[in-house]
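Peer 1: Kindly return the folded structure for what I paste below:
(2 chains)
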Amino acid sequence: MIRPVLVALGLAIGVSAVVAQSNPIAERKDAMKSVGAATREGAAIAKGEAPFDAAKVQGIFKVYSDAAKKVPALFPDNSKTGGETTAAPKVWDDQAGFKTAFAKFEADAAKGAAATDLASFRAAFGDATKNCGSCHEVYRIKK
Amino acid sequence: MRRLLITLLVFALAGIAGFFVLTDPRVVSPGPEIGTLPQPDVENGKLLFAAGGCASCHATPGQDDKTRLGGGLELGSPFGKFHVPNISPHTRDGIGNWGTADFIQAMAAGVSPAGQHLYPSFPYTSYRLMTPKALADLLAYIRTLPAVEGRAPPHELPFPFNIRRMVGGWKLLFFDGAPFKPDPTKSDEWNRGAYLVQGPGHCAECHSARNSLGAIVQATRYAGGPDPEGKGWVPNITQSEDGLGKWSKSEIAELLKSGFTPEFDSVGGSMAAVVRNTAQLPEADRLAMAEYLKSLPAVQGPPRPPKPAAGG
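Peer 2: Sure thing, here's the model as predicted:
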C-alpha cells in the first residue's frame, strides 16, 4: 500500500516541478519569496534579535545575487498577465531600466557578502534592501 | 400657456442664481478663522511636509531632489488628466507670492488665492484637518526650499469637469471643512495617530473606494478598492481578515519605516513613495499611526474583479 502512495507522491512532486519550470510567473514569485525569507533573517540580525553569523549572512546575500541573476529572464512577453501577477507593464516597456535595476541589486548583494561584522553587515544590508522598494515602486503595481 | 413659460423661466433663473450662490467658494467652503499665529515652527513644518507626502506629487519628476517642487507629474483619474502644479516658492511659477492666509485657504478649504475652487485630486478633503498654525508651519518650511521655474500644463478635463464651479456643487455634497477634533476618551497616542492618518497622511484618499462622483464612500472608508490612478488594487487597511487584522502594531510601524510587510514583501507602486516619507517621521509618530489603524473596525471592502485565468 505504501509503495503506490510514494510513487504517486513522487510523480506529483515531479509534475508540479515541471509545471513550475514552465510557468515563469510562479517561478519569479518563488524567487521573490526566497528573497523575502532571506530578508526576514537579515532583518532579525540587523535589529539584534538574532546573533551575527558570517556564514548565515553570506547565505542571505547569495540568495539575493542568485535571484538578481535569475529573475530578469522570468518576464517573457507571454507572462504580462495571469497568475495574479503584480508586474507593471513598465517591466516590458522599459526592459533596459528593469535589467539595470537588477544589476544594481546584484552588485549591492556582492558587496554585502564581504561583511565581516555587524556594523558592516547593517550598512550593506540596508543598501541592498533599498533596491526592493525602489524597484517595486516602478515595476510593480499595487495588489 | 404664457404664464407657465414665465413660471418655468423664473424657476430656471432662480435655479441658476441658486447654483451660483451655493457654489461660490466663499459660501460653500469659507476658509477657517486664522486669528493670531505664533512665530512659525519650521521643524514642525518639515515633519508635516513628510507626513503629508507633498513631494510625492509635487516634486519635479525625473530628478532625485525631492525638495524641488516644480510640479509636472501627470495624475490619471476617471475624470481626466491632472497636471500637478508647481508649489515651489518661485514668485511667478510657484506659490512664492502666497501669503499665509492664501495657503491656509487652499489647504483647508480648497480655494485658490484667485478665489477659484481647487479640484479634490489635491487632497484638501484630508489636509483641512490641520490647524491654521500647523499649516503656517508647513508653509514656512516650503519657503525654505529652492524656487523652481516653470509651470505644468493645464489639466486635461473634458466638459463638464473643466468648469471649476462644478467643484462647488461637489463640495456641497461631500466636503466637510471642520478641523481635527481630538477624542478626549482616547489616549494622546491614539489622537496623534488619528490626526496623522486622517489629516496630513491622507491615507483614506487612496485606501478607500469612491463613488461615481469621485467622493469617498464613507461606509468602506479605509477598506481598499481599485487604484484611482487606474492600475491594480489598493489594499484594505481596516482590521478585517484581508486587511491589517493579523498585523501587530509594531508590524504596521515597521512597514511605514522600511516598506516591509510581516512576510518581508516590500511594498510597491505609490506606497513606496509614501514609505520614503513616513520613514522620515519620528518612530513615536509611526507607532501612533499604527495605534490608530489598529483601532479601525473591520470593514469588508468592495469585491475584487474576477481574477483572470492563471498562466495566460
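Peer 1: other SSEs contacting the helix or strand hosting A:Ala96?
Peer 2: Take DSSP states H and E as the rule and A:Ala96 turns out to sit in helix A:95-112. Packing partners of helix A:95-112 (3 or more C-beta pairs under 8 Å, 6 or more residues apart in numbering or on different chains; DSSP states H and E): helix A:54-70, helix A:118-139. (Glycine included, C-beta is placed from N, CA and C.)
Peer 1: Take those helices and write them to JSON lines, including mean pLDDT, mean neighbour count and distance to A:Lys99.
Peer 2: Formatted as JSON lines, those follow (pLDDT from 0 to 100; neighbours: other C-beta atoms under 10 Å in any protein chain shown; distance: least, C-beta to C-beta, whole Å):
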{"stretch": "helix A:54-70", "mean pLDDT": "96", "mean neighbour count": "18", "distance to A:Lys99": "10"}
{"stretch": "helix A:118-139", "mean pLDDT": "94", "mean neighbour count": "19", "distance to A:Lys99": "11"}
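Peer 1: Chain B is nearest to which of those helices?
Peer 2: Chain B sits nearest to helix A:118-139 of all the helices and strands packed on helix A:95-112, at 3.0 Å, using C-beta to the nearest C-beta.
Peer 1: Just give me how far the closest one sits from the chain centre.
Peer 2: Remark: helix A:118-139 is offset 13 Å from the chain centroid, using C-alpha atoms, centre = their mean, to the nearest Å.
Peer 1: how near is the closest residue in space to B:Ser126 that isn't next to it in sequence to chain A?
Peer 2: Leaving out its chain neighbours, the residue that sits closest to B:Ser126 by C-beta to C-beta, 6 or more residues apart in numbering or on different chains is B:His202, at 3.6 Å. From B:His202 across to chain A, the span is 16 Å (C-beta to the nearest C-beta, to the nearest Å).
Peer 1: Likewise for B:Thr220?
Peer 2: 17 Å.
Peer 1: In contact with that residue, which residues?
Peer 2: B:208-209, B:299-302 (C-beta atoms under 8 Å, 6 or more residues apart in numbering or on different chains).
Peer 1: Let's have those in CSV, adding distance to chain A.
Peer 2: Listed next are these as CSV, based on distance: C-beta to the nearest C-beta, whole Å:
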residue, distance to chain A
B:Ser208, 14
B:Ala209, 14
B:Val299, 19
B:Gln300, 18
B:Gly301, 13
B:Pro302, 15
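Peer 1: circling back: thought B:Tyr127 was touching the residue nearest to B:Ser126, still the case?
Peer 2: Yes. At 6.8 Å, B:His202 counts as touching B:Tyr127 under the criterion of C-beta atoms under 8 Å.
Peer 1: Name the residues contacting each of the two.
Peer 2: With C-beta under 8 Å, 6+ apart as the test, B:His202 and B:Tyr127 both reach B:Gly52.
Peer 1: hang on, the earlier thing: the helix holding A:Ala96 - what's its average pLDDT?
Peer 2: The average pLDDT for helix A:95-112 rounds to 96.
Peer 1: list the contacts for B:Lys246?
Peer 2: B:Pro262.
Peer 1: Could you check how far it is from A:Ala55?
Peer 2: Using C-beta to C-beta, to the nearest Å, B:Lys246 is found at 33 Å from A:Ala55.
Peer 1: try B:Pro25
Peer 2: 66 Å.
Peer 1: for B:Thr131, same thing?
Peer 2: 54 Å.
Peer 1: likewise B:His83?
Peer 2: From B:His83 across to A:Ala55, the span is 53 Å (C-beta to C-beta).
Peer 1: Can you report how many residues neighbour the nearest residue to B:Pro78 once chain neighbours are set aside?
Peer 2: Spatial nearest neighbour of B:Pro78, excluding adjacent residues (C-beta to C-beta, 6+ apart): B:Gly214 at 6.9 Å. Residue crowding around B:Gly214 was assessed by other C-beta atoms under 10 Å in any protein chain shown; the count is 16.
Peer 1: before we move on, what about B:Ala114?
Peer 2: There are 7 residues near B:Ala114, going by other C-beta under 10 Å.
Peer 1: does the residue of the stretch 51-200 of chain B found nearest chain A sit in a helix, a strand or a coil?
Peer 2: When scored by C-beta to the nearest C-beta, the stretch 51-200 of chain B has B:Ser56 as its residue closest to chain A, at 10.4 Å. Following DSSP: H, G, I helix; E, B strand; the rest coil, the label given to B:Ser56 is helix.
Peer 1: Enumerate every residue touching it.
Peer 2: Contacts of B:Ser56 by C-beta under 8 Å, 6+ apart are B:270, B:273-274, B:276-277.
Peer 1: which one of those is nearest A:Ile25?
Peer 2: Ranked by distance to A:Ile25 (C-beta to C-beta), these are led by B:Ser270 at 23.2 Å.
Peer 1: my guess is that closest one meets B:Cys206, correct?
Peer 2: Yes. Counting by C-beta under 8 Å, B:Ser270 touches B:Cys206, with 7.2 Å between them.
Peer 1: got a pLDDT number for B:Arg2?
Peer 2: 84.
Peer 1: B:Gly35 too?
Peer 2: For B:Gly35, pLDDT reads 86.
Peer 1: how close does the residue nearest the centre of chain B get to B:Lys46?
Peer 2: Ranked by distance to the mean C-alpha position of chain B (C-alpha atoms, centre = their mean), the top residue is B:Pro123 at 2.2 Å. Taking C-beta to C-beta as the measure, B:Pro123 falls 19 Å from B:Lys46.
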